[in-house]
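S.K.: here is a sequence with its predicted model. Questions after.
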Amino acid sequence: MFESTHKACSIIMLVGRGIAAPFIVKDMALAFKGLGCNVTFLPLRREGEDLFLKAQRSNPDCIIALDHTGLNFPWVKKLSCRKVAWFVDNPFYFIDTIDKENILFCFDKDYVAALKKEGFQNVFFLPHATNRHIFKPLTLAPFDREKYTCDVSFVGSIGKSQQHVYNERTKLLKDAVDDTIHGLFDRLVEKKFRTCLKRHNQNLFMLFDDCYSTIDKHTKIIIDRQIDYEVGTLLREGVTRVLRSFNGFLFGNRELARMQSDRCRFKGEIDYHTELPKLFNGCCVNINATRPQLPTTVNQRVYDISATNSFFLTDYRKSLETLFPFNVDAICYYSLKDLEDKIKYYLINSKEREELAYAMYKPILREHTYNHRMQEMLTIVSKFL
């Protein structure tokens, strides 16, 4: 039971498409309703007088969107309520669209300081969470045991070929792309990739200031976004290449199929709420690869796997040290060789694996569910109403 530190609110939540975003919005809404709030869902549509009228009828105290998406739509801006964004991505990707009067929450502490430096005052840290009613320990039915039991698994998307990457660069920067720009990209991608697996990798998104002296701010943001995409692809290619020698499953977009082997098989997409908890429960060693645009914090996967009392290995982020009450080196890999060695170790040492999983399970349920996060959000937002 949570102690009430806020007033019950009338909330509009903007719902868009995507792999994870609709589920995050749904989990947020369930937590808000559990805290006594009235929640109305509205679709992400730029033009919509009908949506404006429906929103007005609900008399909202605030309207909430992930990554600020939709808060700059004309009909949304006409509403007199407070606008709230929870950034699950790098907020600088969207900075040109953000109203400085809006209330902003960021998954990563580094972005809070960076946004305040840009003149945004209403910025707060709010990390990921899990839905404990969905992600929980399960006893799998025989059919599910056959479908999800494995030594290792990876869930995520992966980019395309290097030629496709070069085409994407050209499309993003249009006439600005030449051999010099490709050379800059290649150097920055290599630099960030080398850094992302190191023990002290905080402030990654500010790593390249010395390379940007002649590039305007808007182009810099475009370059940052493309670099994150390319580094993320390199990391996931490396991780899934390691998994080829183990009995396991890969779930994700079609491009991931090129990383499968006879032992580690590509299984297609997986439903976030109905299937993913079963996979986490059925897998001995779940593998996480954090998005490069999260410089100091871990992604959603860490919270969800922990809530099922299951084990994982992840690349290091500083926030792990405050999440879990033990030496996080036990669950972090610092190179692809380290990942391979730790998978082999924990497949043999199941008792130690289970003890670590339980040590991660307890603090997640105690402090890191959507109920905890939405109460934190409401407590802050209520001060602006």
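M.R.: Structure received. Numbers count the residues shown, from 1 in each chain.
S.K.: please enumerate the strands of the stretch 101-250 of the chain.
M.R.: Under the criterion DSSP state E, counting those that start in this stretch, strands of the stretch 101-250 of the chain are mapped to 103-106, 123-125, 150-156, 248-252.
S.K.: could you dump those strands to a markdown table with mean neighbour count and distance to F32?
M.R.: In short, each C-beta sits where N, CA and C put it, glycine included. Putting the strands of the stretch 101-250 of the chain into a markdown table (neighbours: other C-beta atoms under 10 Å; distance: least, C-beta to C-beta, whole Å) gives the following:
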| stretch | mean neighbour count | distance to F32 |
| --- | --- | --- |
| strand 103-106 | 23 | 14 |
| strand 123-125 | 17 | 17 |
| strand 150-156 | 23 | 27 |
| strand 248-252 | 23 | 29 |
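S.K.: so can I have TSV of those strands showing distance to L188 and mean pLDDT?
M.R.: Converted to TSV, those look like this (distance: least, C-beta to C-beta, whole Å; pLDDT from 0 to 100):
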stretch	distance to L188	mean pLDDT
strand 103-106	23	98
strand 123-125	26	98
strand 150-156	22	97
strand 248-252	25	97
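S.K.: tell me which other helices or strands the strand or helix carrying I11 touches.
M.R.: Using DSSP states H and E, the element containing I11 is strand 10-15. Contacts of strand 10-15 with other secondary structure elements, assessed using 3 or more C-beta pairs under 8 Å, 6 or more residues apart in numbering; DSSP states H and E, are made with helix 21-34, strand 38-43, strand 62-66.
S.K.: and these, which is most packed in?
M.R.: Using mean count of other C-beta atoms under 10 Å, the stretch among these with the greatest mean number of neighbours is strand 62-66 (a mean of 24).
S.K.: so what touches that strand?
M.R.: 9, 11-14, 16, 21, 24-25, 28, 44, 55, 71, 76, 79, 81-88, 103, 381, 385 (C-beta atoms under 8 Å, 6 or more residues apart in numbering).
S.K.: residues contacting D61?
M.R.: Residues in contact with D61, defined by C-beta under 8 Å, 6+ apart, are C9, S10, I11, C81, R82, V381, L385.
S.K.: hang on, I meant L51
M.R.: Taking C-beta under 8 Å, 6+ apart, we find L51 in contact with L42, P43, R45, W75.
S.K.: same list (those residues) but as a markdown table, adding pLDDT and distance to Q300.
M.R.: A markdown table is the format used below for the contacts of L51 (pLDDT from 0 to 100; distance: C-beta to C-beta, whole Å):
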| residue | pLDDT | distance to Q300 |
| --- | --- | --- |
| L42 | 91 | 24 |
| P43 | 87 | 23 |
| R45 | 81 | 26 |
| W75 | 91 | 30 |
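S.K.: just those now: which is nearest E275?
M.R.: P43 (25.2 Å; C-beta to C-beta).
S.K.: identify the residue spatially nearest to the closest one, adjacent ones excluded.
M.R.: Nearest-residue entry for P43: V15, 5.9 Å, with adjacent residues in sequence omitted and distances by C-beta to C-beta, 6 or more residues apart in numbering.
S.K.: let me know how buried the one you found is, in neighbour terms.
M.R.: Applying the criterion other C-beta atoms under 10 Å, we find 17 residues in the vicinity of V15.
S.K.: equivalent analysis for F135, please.
M.R.: Going by other C-beta under 10 Å, the residues that sit close to F135 add up to 27.
S.K.: which residue packs closest to it, ignoring adjacent ones?
M.R.: In space, not counting the residues next to it along the chain, F135 is nearest to A307; the distance is 3.9 Å by C-beta to C-beta, 6+ apart.
S.K.: any stretches of the protein with poor pLDDT?
M.R.: Along the chain, the model assigns pLDDT under 70 to residues 1-7, 19, 161-166, 169-184, 199-215.
S.K.: give me phi/psi at the nearest residue to N288 once chain neighbours are set aside?
M.R.: For N288, the nearest residue in space outside its immediate sequence neighbours is T314; the separation is 3.9 Å by C-beta to C-beta, 6+ apart. Torsion angles at T314 (phi, psi; degrees, to the nearest 10) stand at phi -140, psi 160.
S.K.: didn't T314 look like it was pressed against I331?
M.R.: Yes: under the criterion of C-beta atoms under 8 Å, T314 is in contact with I331, at a separation of 6.3 Å.
S.K.: per-domain residue ranges of this protein.
M.R.: For the chain, automatic domain parsing gives the domain ranges 10-129+370-382, 142-367.
S.K.: next up, the contacts around L385.
M.R.: Applying C-beta under 8 Å, 6+ apart, the residues contacting L385 are K7, C9, D61, C62, R82.
S.K.: nearest spatial neighbour of the fourth one, skipping sequence neighbours?
M.R.: Nearest in space to C62, with sequence neighbours left out and distances taken as C-beta to C-beta, 6+ apart, is R82 at 4.4 Å.
S.K.: residue contacts, that neighbour?
M.R.: Listed by C-beta under 8 Å, 6+ apart, the contact set of R82 reads D61, C62, I63, N102, I103, V381, F384, L385.
S.K.: please redo it, this time with the cut-off set to 7 Å
M.R.: Under the criterion of C-beta atoms under 7 Å, 6 or more residues apart in numbering, the neighbours of R82 are D61, C62, I103, V381, F384, L385.
S.K.: specify the beta-bridge partners of the second one.
M.R.: Using DSSP bridges, the bridge partners assigned to C62 are I11, R82.
S.K.: give me the number of residues near H218?
M.R.: For H218, the number of neighbouring residues by other C-beta under 10 Å comes to 10.
S.K.: right, I mislabeled it, should have said G282
M.R.: Applying other C-beta under 10 Å, we find 21 other residues in the vicinity of G282.
S.K.: cool, and I380?
M.R.: I380 has 17 neighbouring residues, counting by other C-beta under 10 Å.
S.K.: which one of the helices and strands packed on strand 10-15 lies closest to F249?
M.R.: Taking C-beta to C-beta as the criterion, helix 21-34 is the member of the helices and strands packed on strand 10-15 that comes nearest to F249, at 20.2 Å.
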